[in-house]
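> Prediction below, plus the sequence it came from.
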Amino acid sequence: MPSSFATARRLRTAHLLLQALLLLALVVGLNYLATQHAWRFDLSRHSRHSLSPETRSYLRELSAPVKIVVTLSEDTDDDTIAQASRDVRALLRDYIEASAANPRAPITVEFVDVYQNRAAAQRLGIDKPNTILVSSGSKTPRSIGLEELYDVKNREKTGFKGEQAFTAAILDVSRASKQSIYFLTSHGEMDPNDTDPARGLSLLRDELALRNFDLSVVDLSNPDDRARVPAAALLVIAAPQGRYSPDEQEFLRRHLSSSAGRVLALLNPVNPHGLDELLFDWGVLADDVVILDQSAEGRSDTGDLILYPATSGHPAIDFLASNKIAVRFGPSRSVRPDPGRSLDPGLNTLPLLVTSRGAWGERSYRQRGPAAFDPAVDLAPPLAVGTAAERVAPKDKLPFSVRSGRLIVYGGGEWIANARLAAGGNLSLALASINWLVDRDTLLQLPPRPIEKFQLSLSSVQLGHLRLSLLFALPALTATLGLLVYWSRRR
């Protein structure tokens, strides 16, 4: 025990100094960990304040640095510009953090005030405010307009589309060339340049262009068109109304097998397609039936066929399965893994969509009169309406990699037409299917972040009580705690 009060005071002072040093070390250590090893957790519903898996995957695959220049300012009387500046700043912090996983292609952001820093604005080639430029190397910068950042309904912002706009711009300026998708023609197929609600694909075309795809139309009966189709390209057969010739089918077979090509086939019922031998080689069977479903869970109010993601766990339906989203088809046929397919260990076939248990595949659809399920003839539920097939590369430890072909077949094509593309999970399914076929194995759906408004309504009496609480109650509580600590140490 201390021999005198002076020694006790010195010990107490040393203890206080040591406590202060420990507290300072704790604060410094926490700040160091926060700056060098930061973690962020998005606890919002559906992770609305985090970058999507699609964007993060793209950032990991970038091959060149990307620079983003923003001249938006919060110090403005225009509430629209100020809000956009705050939203863009918060979003770009997420991009910078995510790009840290790819040090060879970081994303850098520079905020410039064109009025206060004219030298920097001139150096960057910017001569007006409220501009967003995305650039990479010597390529022409991509400009993002304010109208691209928000969904607006009834002159009110309902969603922030910044991630969609920035990801599209980054893809546009960072890739050496756009990936091409070739839509086949001359058999009455659906046209990506057609705006017709029932058969047009102009909305799908716009969605693919936003994701940096280049769309072309080819006629396989034309030798010149065949010659310009590169190996491993994606060919889309969008609801043909006539048969493909044996020569065209052979070209598709060689494209898939020898050129590691990719094919997305949308085969409406009733219409013959002439691709039976090709599908058999890939273990897929497109039945000559029309799917009928009279149950409540299988038909929408508009008569659309409601389909559900299968339990196969395929990447094309992962988003739908995870979020329990159904899709809406028009007239459809059954497309399933062929029960009589060859036992090829390198061929992998998986169902993608299934009907409800109230559906059946009607074989006698050409006959008049009311249809009824005949178990001796018709296909029993549940039925697959989409199937994916892939030739798996050898498992041996080879010194080189072998690319494989990929094929997805759906039993209808009207679900991607302009009138149905936005229904249910149709757009998600279309984009995810194309994404898997072209080796972008990520989720492609980038929904807008909803803008939520909160308003606190207080009466004058409640506002007065709140003011008194802030002025007196909180200081009184702090003083009371201090007195309790002092009293406990005096005892």
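Cool, got the structure.
> all helices for the chain, in order.
For the chain, helices defined by DSSP state H occupy the ranges 5-36, 53-61, 79-99, 118-123, 162-174, 202-210, 223-227, 246-257, 276-281, 318-323, 426-437, 460-468, 474-490.
> Can you tell me the closest non-neighbouring residue to G162?
Excluding its sequence neighbours, the residue lying closest to G162 (CB to CB, 6 or more residues apart in numbering) is L91, at 4.6 Å. In this view, the C-beta of every residue, glycine as well, is placed from N, C-alpha and C.
> got the contact list for that neighbour?
Contact partners of L91, counting by CB atoms under 8 Å, 6 or more residues apart in numbering, are F160, G162, E163, F166.
> And the third one, what's its pLDDT?
Looking at E163, its pLDDT is 88.
> my guess is it meets T55, correct?
Yes. If you go by CB atoms under 8 Å, E163 and T55 touch, sitting 6.0 Å apart.
> any low-confidence regions in this protein?
Scanning the chain with the threshold set as pLDDT under 70 gives 1-3, 36-49, 154-155, 393-403, 440-456, 491.
> now the residue nearest to G162: how far from G464?
Between L91 and G464 the distance, using CB to CB, to the nearest Å, works out to 39 Å.
> now I68
I68 is 47 Å from G464, where distance means CB to CB.
> More neighbours: which of these two?
Using other CB atoms under 10 Å, the more surrounded residue of I68 and G464 is I68, with 25 against 11.
> Would you mind confirming that V173 is in contact with L133?
No. With contacts counted by CB under 8 Å, V173 stays clear of L133, the gap being 9.6 Å.
> got any residues that touch both of the two?
Contact with both V173 and L133 is made by residues P141, R142, according to CB under 8 Å, 6+ apart.
> if we can go back for a sec, where neighbours are concerned, which of the contacts of L91 has the most?
F166 (27 neighbours).
> Relative to Y95, how far out is that residue?
Remark: distance between F166 and Y95 (CB to CB) = 7 Å.
> Can you work out which residues contact both of those two?
Jointly contacting F166 and Y95 under the rule CB under 8 Å, 6+ apart are I68.
> Is I107 in contact with R60, as I believe?
No. Contact criterion CB under 8 Å: I107 and R60 do not qualify, at 11.7 Å.
> Let me see the contact set for Q241.
Residues counted as contacts of Q241 (CB under 8 Å, 6+ apart) are H187, G188, E189, N268, N271.
> same deal with I306?
Neighbouring residues of I306 by CB under 8 Å, 6+ apart: D293, E297, G298, R299, S300, A326, V327, R328, F329, S356, G424.
> Give the bridge partners for the fourth one, please.
When bridges are taken as DSSP bridges, the partners of R299 come out as L305.
> neighbours around it, how many?
Neighbour count for R299, taken as other CB under 10 Å: 18.
> from memory it sits against L292, does it?
No. Counting by CB under 8 Å, R299 sits too far from L292 to count as a contact (9.4 Å).
> neighbours of G482, just the number please.
10.
> just checking, A432 touches N323?
No. Using CB under 8 Å, A432 is not in contact with N323, being 11.9 Å away.
> Looking at those two, which is more packed in?
Between A432 and N323, A432 has the larger neighbour count (other CB under 10 Å), namely 26 against 12.
> That one - nearest residue in space that isn't next to it in sequence?
Nearest residue to A432, sequence neighbours excluded (CB to CB, 6+ apart): A316, at 4.8 Å.
> Also D87?
According to CB to CB, 6+ apart, the nearest residue to D87 is F160 (5.5 Å).
> and that neighbour, bridged to which residues?
Assigned bridge partners for F160, using DSSP bridges, are Y150, R449.
> any idea how far it lies from G145?
From F160 to G145 the distance is 14 Å (CB to CB).
> Pop the domain breakdown of the chain in here.
Following automatic domain parsing, one finds the domains of the chain at 45-168, 186-394+402-437.
> Single out the most deeply packed of these.
For the domains of the chain, the largest average neighbour count (mean count of other CB atoms under 10 Å) is found in domain 186-394+402-437, namely a mean of 18.
> Tell me the gap between it and the middle of its chain.
Relative to its chain's centre, domain 186-394+402-437 lies at 21 Å (CA atoms, centre = their mean, to the nearest Å).
> same thing with stretch 482-489?
Taking CA atoms, centre = their mean, one finds stretch 482-489 lying 57 Å from the centre of the chain it belongs to.
> Restricting to C-alpha, output it in PDB.
In PDB, the C-alpha atoms belonging to stretch 482-489 read as follows (Å, rounded to 0.1, in the frame of the first residue of the first chain):
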ATOM      1  CA  GLY A 482     -21.300  12.300 -13.900                       C
ATOM      2  CA  LEU A 483     -22.500  12.700 -10.300                       C
ATOM      3  CA  LEU A 484     -23.100   9.000 -10.000                       C
ATOM      4  CA  VAL A 485     -19.600   8.200 -11.200                       C
ATOM      5  CA  TYR A 486     -18.100  10.800  -8.800                       C
ATOM      6  CA  TRP A 487     -20.100   9.400  -5.800                       C
ATOM      7  CA  SER A 488     -19.100   5.800  -6.500                       C
ATOM      8  CA  ARG A 489     -15.400   6.800  -6.600                       C
END
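> Now H187. Nearest residue, chain neighbours left out?
For H187, ignoring the flanking residues on the chain, the nearest one in space by CB to CB, 6+ apart is P240 at 3.9 Å.
> what sits against that neighbour?
L184, H187, G188, E189, L267, N271, H273.
> Let's see that with 10 Å instead.
Residues in contact with P240 (CB atoms under 10 Å, 6 or more residues apart in numbering) are 184-190, 265-268, 271-275, 413.
> Same question for R118.
Contact analysis of R118 by CB under 10 Å, 6+ apart lists V112, I126, D127.
> do A476 as well
Contacts of A476 by CB under 10 Å, 6+ apart are S469.
> go on, G358?
L292, D293, Q294, S295, A296, E297, G298, R299, F373, P381, P382.
> now with 8 Å?
By CB under 8 Å, 6+ apart, G358 lies in contact with D293, Q294, S295, E297, G298, P381.
> Is it possible to get CSV of the residues you listed that adds distance to G369?
Listed next are these as CSV, based on distance: CB to CB, whole Å:
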residue, distance to G369
D293, 18
Q294, 15
S295, 21
E297, 26
G298, 21
P381, 22
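> quick one on the thing from earlier: do you know which of the domains of the chain lies nearest L474?
Among the domains of the chain, the nearest to L474 by CB to CB is domain 45-168 (29.0 Å).
> Distance from the closest one to the middle of the chain?
Using CA atoms, centre = their mean, the offset of domain 45-168 from its chain centre is 18 Å.
> Next: stretch 458-478.
Centroid separation between stretch 458-478 and its chain, computed with CA atoms, centre = their mean, is 47 Å.
> From here on, call the first residue 623.
Yep, numbering from 623; the last one is stretch 1080-1100 now.
> Using CSV, write out every CA atom in it.
Once non-C-alpha atoms are left out, stretch 1080-1100 reads as follows in CSV (Å, rounded to 0.1, in the frame of the first residue of the first chain):
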residue,chain,number,x,y,z
LEU,A,1080,-44.7,17.6,-35.4
SER,A,1081,-47.2,20.0,-34.0
SER,A,1082,-46.0,23.3,-32.4
VAL,A,1083,-46.5,21.8,-28.9
GLN,A,1084,-44.5,18.6,-29.8
LEU,A,1085,-41.8,20.8,-31.4
GLY,A,1086,-41.6,22.8,-28.2
HIS,A,1087,-41.2,19.7,-26.1
LEU,A,1088,-38.5,18.4,-28.4
ARG,A,1089,-36.6,21.7,-28.1
LEU,A,1090,-36.8,21.6,-24.3
SER,A,1091,-35.6,18.1,-24.2
LEU,A,1092,-32.6,18.9,-26.3
LEU,A,1093,-31.7,22.0,-24.3
PHE,A,1094,-32.2,20.6,-20.8
ALA,A,1095,-33.0,16.9,-20.6
LEU,A,1096,-29.9,15.6,-22.3
PRO,A,1097,-27.5,17.9,-20.4
ALA,A,1098,-29.3,16.9,-17.1
LEU,A,1099,-28.9,13.2,-17.9
THR,A,1100,-25.2,13.7,-18.6
